[in-house]
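S.K.: give the three-dimensional model of this entry:
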Amino acid sequence: MTMPAPQKPANGRKRLNFDSANAMFLRFIALAAVAIVIIMTSGMIAKRTVLRQSVLENAKADAVRLAANFRLTVVPQLIHINEQGLQTVAYHDRDGLDHKAFDQRVRDLLLAAESVKIKVFSREGFIVYSTDESIIGKDNRKSKNMMAALSGVTTPLLKKKNEFQDLTYEKRFNIDLVETYVPIYGENDDIIGAFEMYNDVTEYFAEADRATGRLIGITLGVLLIVFTCLSLVMWRATRIIGRRTQELKQSQADLVIEAERAEAASQSKSAFVANMSHEIRTPMTAILGFTDMLLNPDLCAKDRVECVETIRRNGGHLLSIINDILDVSKIEAGKLETESRPCRLRGMMDDVLNLMRVRSEAKNIGLSCVIDADIPQWIFTDELRIRQIMVNLIGNAIKFTSDGEVAVHIACDGEHDGQQQIRFDVTDTGIGMTAEQTNRLFQPFTQADQSTTRKFGGTGLGLMISKRLTYLLGGDVTIRSEAGVGSTFTATIAIGTQAKLDELQIKQAALLDENNNAITKRSEHHTATAAPAQSQGTRILLAEDSPDNQRLIMFILKKAGHDVTLAENGQIACDKALQAEKDHEPFDVILMDMQMPVLDGYGATQALRQAGYERPIIALTANAMADDRQKCADVGCDDFATKPIVRDELFAAIKQCIAQYRASEHQDAA
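M.R.: From the prediction side, this is the model:
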């Protein structure tokens with residue numbers, strides 16, 4: 001289903017978004033200003049509270065120190081203590097007191113304590129001394145703070161006075177005072193009186209207010225700068241938001257396109273699954289049907305042979321489908337790996353052409369291959385994957401060509417990223433393709449044309465696998481095609497640096513000479529000992545747990561003249577192999593299934609190698625992935641053969657392993 005593309009908003013809509021952003025910015029500035037004012041006001045209140053508390057604490061400390069000084073100097077002359085208790089005598093009625101000197105001493109003490117006025121109370125609550133003589137003798141017992149001081153509590157109070165007369169009889173206006181009531185202790189630390197001290201803190205608060213004003217000015221200046229910067233930032237942000245809005249709208253449009261592509265991919269995948277089901281069921285139908293025909297006892301020998309050939313052909317086709325599905329799963333998971341090893345290019349291409357020539361001759365079309373003279377004999381690549389790519393490309397060309405020929409041309413493609421590259425051109429004279437078909441050709445789960453699939457068959461995975469493999473090998477696959485004329489598929493791969501290639505040619509030439517000399521010597525040796533060798537035969541230990549596979553593999557091996565001993569699991573295989581070594585009747589080779597009960601093939605192979613067993617062991621398993629091959633090699637297997645059994649490949653592996661082992665024995669003996 002195609003979704004409508006998002007409509008481009010009108011200019012009015014854009015203007016509304018822009019104005020909304022500006023209004024939002026103005027609201028933000030206003031809220032920020034209110035928040036700052038609130039914060040500053042709260043800070044000033046908090047600072048004033050802290051300052052007030054600090055002033056009260058300092059005044060209290062000064063009053064306590066002054067009380068200590070009064071106790072030693074002033075109080076003994078003001079308050080007389082007799083046996084009946086405290087006897088109050090007015091300051092101006094005390095005989096023998098030098099009033100002038102006494103007043104001067106009090107003033108000195110007050111100035112030292114930064115106090116501007118003082119009152120001294122007797123224990124009964126009467127004023128016995130004051131810098132204001134008019135109140136001396138006054139009863140002050142109604143004062144709660146004074147009575148609290150007489151009970152031992154020091155109380156500082158902060159007050160605002162509109163008019164105040166200090167100890168110099170100077171009047172002060174609108175001042176901040178701290179009144180502190182302090183108990184006076186006698187010689188026995190008992191309270192004998194109290195006094196009230198006044199401290200002028202007006203200037204202290206004024207200086208604090210001036211500092212706060214300066215701080216406010218600095219803060220406002222900083223805020224002005226910050227608001228200016230914020231304005232620039234918001235202006236810039238508004239522009240960015242506008243651009244991002246357009247990008248978001250474009251992203252939404254892209255998402256619509258991606259959704260359409262995803263839906264198309266889902267449809268393609270569904271079509272692929274349906275086609276894959278058809279491709280799998282077709283050979284399975286043939287295999288099951290012709291198997292039933294083989295059970296007919298009235299079937300003649302010729303018909304039986306045709307049934308077997310049909311079953312074999314369809315089994316091979318089914319196996320190739322399974323291999324393609326496994327490769328696709330590895331590719332999609334990102335776990336398909338390649339390896340770079342020396343490979344003889346012409347020998348590999350001869351094998352591929354011999355394999356594909358059967359198909360081309362069946363359709364009466366030509367198949368040729370031209371390799372340029374400057375192509376190295378040996379290259380570095382993954383031979384298995386190159387074979388797979390060539391079989392896919394040549395097989396496709398043969399399948400879609402009904403008249404004419406398929407030509408393969410291999411040439412140098414220059415140097416890319418320090419690596420030499422070669423190019424494989426596979427050209428056919430088949431049905432060709434349109435540009436639209438070639439654009440979706442290499443995508444997974446898609447094919448050029450569903451009708452083509454129905455006519456020619458196939459899963460549509462081969463080209464996608466080939467393209468991904470060439471990526472892993474340092475190249476690519478491209479196509480040139482014309483409908484009704486034919487197609488040319490070009491695959492490029494990296495084959496190593498020029499220096500390594502030159503070194504490889506020299507090394508392989510020397511190795512070839514050495515092998516030729518060794519073959520000549522072995523031929524002379526085998527000529528002299530031909531009769532005993534023919535009478536000896538090949539002893540094979542087969543480790544296999546499946547009864548059906550036991551019967552099949554033993555039949556194939558015994559039919560070829562081999563002496564076969566069966567082991568039902570890995571533990572039995574270990575015991576029989578080691579016992580044969582002790583009896584001097586060793587097996588020439590062990591065919592080891594890798595998944596068995598009791599002890600699997602991996603554990604059995606590892607146990608044999610740890611016990612010093614050096615004879616060939618060939619892994620025999622249904623696991624066909626590259627990492628499975630490496631896992632077998634890691635535990636000590638000499639070669640790897642896959643199920644279903646391909647008789648010629650199995651015999652070749654057995655022959656090669658035995659020959660290599662015997663050659664190493666001859667070298668050790670020499």
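S.K.: where along the stretch 401-550 of the chain do the strands fall?
M.R.: 405-416, 419-428, 476-482, 486-496, 539-543 (DSSP state E, counting those that start in this stretch).
S.K.: just the buried residues of the first one, please?
M.R.: What that stands for is strand 405-416. E405, V406, A407, V408, H409, I410, D413 (16 or more other CB atoms under 10 Å). C-beta here means a position set from N, CA and C on the backbone, and glycine is covered the same way.
S.K.: can you tell me the closest non-neighbouring residue to the first one?
M.R.: Here the nearest residue to E405 in space, its sequence neighbours aside, is G366; by CB to CB, 6 or more residues apart in numbering that works out to 3.3 Å.
S.K.: and the pLDDT at that neighbour?
M.R.: We have a pLDDT of 92 for G366.
S.K.: that one against S360, yeah?
M.R.: Yes. Contact criterion CB atoms under 8 Å: G366 and S360 qualify, at 6.9 Å.
S.K.: intersection of neighbour lists for these two?
M.R.: Contact criterion CB atoms under 8 Å, 6 or more residues apart in numbering; residues shared by G366 and S360: V406.
S.K.: what about Q595, which helix or strand?
M.R.: Under DSSP states H and E, no helix or strand contains Q595.
S.K.: OK, contacts around it?
M.R.: Neighbours of Q595 in contact, by CB under 8 Å, 6+ apart: D545, G601, T621, A622.
S.K.: number of residues surrounding the first one?
M.R.: Spelled out, it's D545. Neighbour count of D545, defined by other CB atoms under 10 Å: 18.
S.K.: isn't there a helix covering V153?
M.R.: No. Per DSSP: H, G, I helix; E, B strand; the rest coil, V153 lies outside any helix segment and is coil.
S.K.: for E187, see how far away it is.
M.R.: Distance from V153 to E187, counting by CB to CB, to the nearest Å: 21 Å.
S.K.: between these two, point out the one with more neighbours.
M.R.: Neighbours were counted for V153 and for E187 using other CB under 10 Å; V153 has more, 13 against 9.
S.K.: rewinding a little: more neighbours, G366 and S360?
M.R.: S360 (20 against 13).
S.K.: next SSE after the helix or strand that contains the more buried one?
M.R.: Take DSSP H and E as the rule and S360 turns out to sit in helix 345-362. For helix 345-362, the following helix or strand on the C-terminal side (DSSP H and E) is strand 366-371.
S.K.: could you give the angle of that next one to strand 419-428?
M.R.: In terms of direction (axes from the mean of the first three to the mean of the last three CA atoms, to 10 degrees), strand 366-371 departs from strand 419-428 by 160 degrees.
S.K.: parallel or antiparallel, list what pairs with strand 366-371.
M.R.: Strand 366-371 pairs in its sheet with strand 405-416 (parallel), by DSSP bridges.
S.K.: quick one: contacts of the partner strand?
M.R.: 345, 349, 353, 360, 365-372, 374-375, 390, 394, 397-398, 420-429, 474, 492, 494, 498.
S.K.: of those, grab the buried ones for PyMOL.
M.R.: Command for PyMOL, covering only those of those found buried under the criterion 16+ other CB under 10 Å:
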select buried, resi 345+349+353+360+365+367+369+371+390+394+397+398+420+421+422+423+424+425+426+427+428+429+474+492+494
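S.K.: and the gap between the spatially closest residue to M594 that is not a sequence neighbour and C574?
M.R.: Computed as CB to CB, 6+ apart, the closest residue to M594 that is not its neighbour in sequence is G601, at 3.5 Å. To C574, G601 is 11 Å away according to CB to CB.
S.K.: what about the two, which has more around it?
M.R.: Comparing G601 with C574 by other CB under 10 Å, the one with more neighbours is G601, at 27 against 22.
S.K.: which one of the buried residues of strand 405-416 sits closest to P183?
M.R.: D413 (108.6 Å; CB to CB).
S.K.: for the closest one, report the pLDDT, please.
M.R.: On the pLDDT scale, D413 gets 92.
S.K.: same check on the one 5 residues further on?
M.R.: G418 is assigned a pLDDT of 87 by the prediction.
S.K.: any idea which helix or strand carries C657?
M.R.: Secondary structure assignment for C657, by DSSP H and E: helix 647-669.
S.K.: rewinding a little: kindly format the C-alpha coordinates of the helix holding S360 as PDB.
M.R.: The C-alpha trace of helix 345-362 is given here as PDB (Å, rounded to 0.1, in the frame of the first residue of the first chain):
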ATOM      1  CA  LEU A 345      44.000 -20.900 -11.100                       C
ATOM      2  CA  ARG A 346      44.100 -22.900 -14.400                       C
ATOM      3  CA  GLY A 347      43.700 -26.200 -12.600                       C
ATOM      4  CA  MET A 348      40.700 -24.800 -10.700                       C
ATOM      5  CA  MET A 349      39.100 -23.500 -13.800                       C
ATOM      6  CA  ASP A 350      39.600 -26.800 -15.600                       C
ATOM      7  CA  ASP A 351      37.700 -28.600 -12.800                       C
ATOM      8  CA  VAL A 352      34.900 -26.000 -12.900                       C
ATOM      9  CA  LEU A 353      34.600 -26.200 -16.700                       C
ATOM     10  CA  ASN A 354      34.600 -30.000 -16.700                       C
ATOM     11  CA  LEU A 355      31.700 -29.900 -14.100                       C
ATOM     12  CA  MET A 356      29.700 -27.300 -16.100                       C
ATOM     13  CA  ARG A 357      30.300 -28.800 -19.500                       C
ATOM     14  CA  VAL A 358      27.900 -31.600 -18.700                       C
ATOM     15  CA  ARG A 359      25.100 -29.000 -18.500                       C
ATOM     16  CA  SER A 360      26.100 -27.100 -21.600                       C
ATOM     17  CA  GLU A 361      26.400 -30.200 -23.700                       C
ATOM     18  CA  ALA A 362      22.900 -31.300 -22.500                       C
END
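S.K.: and the host helix or strand of Y198, how far from the chain's centre?
M.R.: Per DSSP H and E: Y198 is located in strand 191-200. With CA atoms, centre = their mean, to the nearest Å as the basis, strand 191-200 stands 76 Å off its chain's centre.
S.K.: that one: which residues count as buried?
M.R.: I192, G193, A194, F195, E196, M197, Y198, N199, D200.
S.K.: thought the fourth one was touching V182?
M.R.: Yes. Under the criterion of CB under 8 Å, F195 is in contact with V182, at a separation of 6.0 Å.
S.K.: ok, and for the strand or helix carrying R609, which residues are buried?
M.R.: Remark: R609 resides in helix 601-610, with elements defined by DSSP H and E. Buried residues in helix 601-610, defined by neighbour count with 16+ other CB under 10 Å: G601, Y602, G603, A604, T605, Q606, A607, L608.
S.K.: parallel or antiparallel, which strands does whichever helix or strand comes after that helix pair with?
M.R.: Next along the chain after helix 601-610, taking DSSP H and E as the criterion, comes strand 617-621. Taking DSSP bridges as the criterion, strand 617-621 forms sheet pairs with strand 589-593 (parallel), strand 639-642 (parallel).
S.K.: list of residues touching strand 617-621?
M.R.: With CB under 8 Å, 6+ apart, strand 617-621 has contacts from 544, 553, 589-595, 601, 605, 608, 628-629, 632, 636-643, 653-654, 657.
S.K.: now do it: distance to the chain's middle.
M.R.: For strand 617-621, the distance to the chain centre is 38 Å (CA atoms, centre = their mean).
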